[in-house]
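Enquirer: Just a sequence and a predicted model for now, questions to come.
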Amino acid sequence: MTTYIVTFEIKDAARRLSVKNKLKEFNTYCPIHDNAWAIRTDKKATEIRDFVSPLMTNEDRIFVIRTGVEAAWKNPYGNDNSEWLKKYL
């Protein structure tokens, strides 16, 4: 499995919630902050984008990137999220 960072810019709160719920379908996920999540999957970045895109409009944005070798953060959503990020990033 590969870890990806998915960031999105969605002004409409209902659509933003729909995207978050769609990302939860990956089962192994970690919210980084309101508009960025880490997910683990065997899918490719384009497949993740295409999986979420039907919920978005032309005004919305999404960016999917495979994680690299280094990461740093401050004030994650709790110790569990911090441990998840340490393990998978």
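Expert: Noted; the coordinates are in hand.
Enquirer: Find the residue at the geometric middle of this protein.
Expert: Trp37 (2.7 Å; CA atoms, centre = their mean).
Enquirer: Pull out the buried residues from the helix or strand hosting it.
Expert: Using DSSP states H and E, Trp37 maps to strand 36-41. Residues of strand 36-41 classed as buried by neighbour count (16 or more other CB atoms under 10 Å): Trp37, Ala38, Ile39, Arg40, Thr41. Using the backbone N, CA and C atoms, a C-beta is placed for each residue, glycine as well.
Enquirer: Format those as CSV; extra columns: pLDDT and distance to Arg66.
Expert: Compiled in CSV, the buried residues of strand 36-41 are given as follows (pLDDT from 0 to 100; distance: CB to CB, whole Å):
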residue, pLDDT, distance to Arg66
Trp37, 96, 14
Ala38, 96, 11
Ile39, 97, 11
Arg40, 96, 11
Thr41, 96, 10
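Enquirer: Mind jotting down where the strands sit in the protein?
Expert: 2-9, 29-33, 36-41, 61-66 (DSSP state E).
Enquirer: could you check the angle strand 2-9 makes with the second one?
Expert: Between strand 29-33 and strand 2-9, the angle formed by their directions is 40 degrees, by axes from the mean of the first three to the mean of the last three CA atoms, to 10 degrees.
Enquirer: Just the CA coordinates for strand 29-33, please, in PDB.
Expert: What follows is strand 29-33, C-alpha atoms only, in PDB (Å, rounded to 0.1, in the frame of the first residue of the first chain):
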ATOM      1  CA  TYR A  29      -6.900   7.500   6.600                       C
ATOM      2  CA  CYS A  30      -5.800  10.400   8.800                       C
ATOM      3  CA  PRO A  31      -7.100  13.900   8.700                       C
ATOM      4  CA  ILE A  32      -4.100  16.300   8.600                       C
ATOM      5  CA  HIS A  33      -6.200  19.400   8.800                       C
END
